[in-house]
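Chemist: just coords:
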């Protein structure tokens, strides 16, 4: 698997609107995209810093994985996402190396990316996302 760069760092928040003043007003970043990913029960907001993005993740319902994360651990860093050229191949390679997969195959994610997650029990307790920009 060839990782090209850190695609984004996902941060779980209770409210994107409440966090915007910090990211825009204090850090001087520009939120360039807010979207809801219905099947993941999450609303996302993106900020770009160089080639890397910050993704704020707000739950859209109480049974979303982000809501459960916030309830258990509080707001904060949720995952790190790495860009790769082929998520399907990367998953097969990770599986062959004994890494536990959350997603057996890529699925659609925010911003039109193909994504898949690796289980934190296999990745040093860090939820890891693999991302592929479709061509």
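Modeler: Yes, it's here. Since the model is a prediction, treat every value here as computed from it, not as a measurement.

Chemist: okay, and the helix or strand of this structure with the least pLDDT?
Modeler: Every helix and strand of the chain was ranked by mean pLDDT, DSSP states H and E. The lowest is strand 107-108, at a mean of 94.

Chemist: identify each buried residue in the next helix or strand after it, please.
Modeler: Next helix or strand after strand 107-108 toward the C-terminus (DSSP states H and E): strand 114-118. Residues 114-118 are the ones in strand 114-118 that count as buried (16 or more other CB atoms under 10 Å). No exception for glycine: its C-beta is placed from N, CA and C like everyone else's.

Chemist: any idea how far stretch 22-30 is from the middle of the chain?
Modeler: Put simply, stretch 22-30 sits 20 Å off its chain's centre (CA atoms, centre = their mean, to the nearest Å).

Chemist: and residue 18, what element?
Modeler: Using DSSP H and E, residue 18 sits within helix 16-20.
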